[in-house]
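1. Structure here, sequence nowhere to be found:
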């Protein structure tokens with residue numbers, strides 16, 4: 001969880017403005033791509049952990065947190081770039097939009113207006129579906145391990 005905390009601090013501290021909007025996109029992409037090896041490492045720990053439910057839970061929380069921070073960084077940067085979002089003014093707005101997209105709630109108060117922002121939102125939706133699939137697989141793996149342990 002130290003990695004997640006560090007990435008949250010980077011997200012909050014690095015100044016992304018109109019001139020350096022690309023920095024937020026670079027940070028977001030690094031976080032999203034970097035989440036893959038970290039998640040694989042956590043998933044591998046589930047099978048060998050003495051507390052597989054805890055390890056699975058930590059893996060899922062880490063995976064979701066990294067995806068939220070990564071996409072929020074991209075959305076915050078796109079909002080600084082120009083006409084991609086009319087209503088994202090702060091990093092908290094970007095986190096809010098990312099989580100409402102992840103949760104498929106879509107309140108409608110923030111929506112992508114530019115084509116690039118819409119493309120990124122589509123990519124996030126696909127990634128979110130994959131995350132839910134991985135989380136379900138983790139849960140099944142833990143359940144199978146527990147079932148086998150109880151049979152022994």
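-> Noted; the coordinates are in hand. Keep in mind the model is a prediction, meaning the values are calculated, not measured.

2. Would you indicate which residues of the helix or strand hosting residue 44 are buried?
-> In this structure, residue 44 sits in helix 21-48 according to DSSP states H and E. For helix 21-48, the neighbour count (16 or more other Cβ atoms under 10 Å) marks 21, 23-25, 27-28, 31-32, 35, 38-39, 42-43, 46 as buried. The C-beta positions use only the backbone N, C-alpha and C, and glycine is treated the same way.

3. Any chance of these in a markdown table with distance to residue 114 as columns?
-> Output for the buried residues of helix 21-48, formatted as a markdown table (distance: Cβ to Cβ, whole Å):
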| residue | distance to residue 114 |
| --- | --- |
| 21 | 12 |
| 23 | 19 |
| 24 | 15 |
| 25 | 13 |
| 27 | 20 |
| 28 | 16 |
| 31 | 22 |
| 32 | 20 |
| 35 | 25 |
| 38 | 31 |
| 39 | 30 |
| 42 | 35 |
| 43 | 35 |
| 46 | 40 |
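
4. so who does residue 74 touch?
-> 24-25, 28-29, 120 (Cβ atoms under 8 Å, 6 or more residues apart in numbering).
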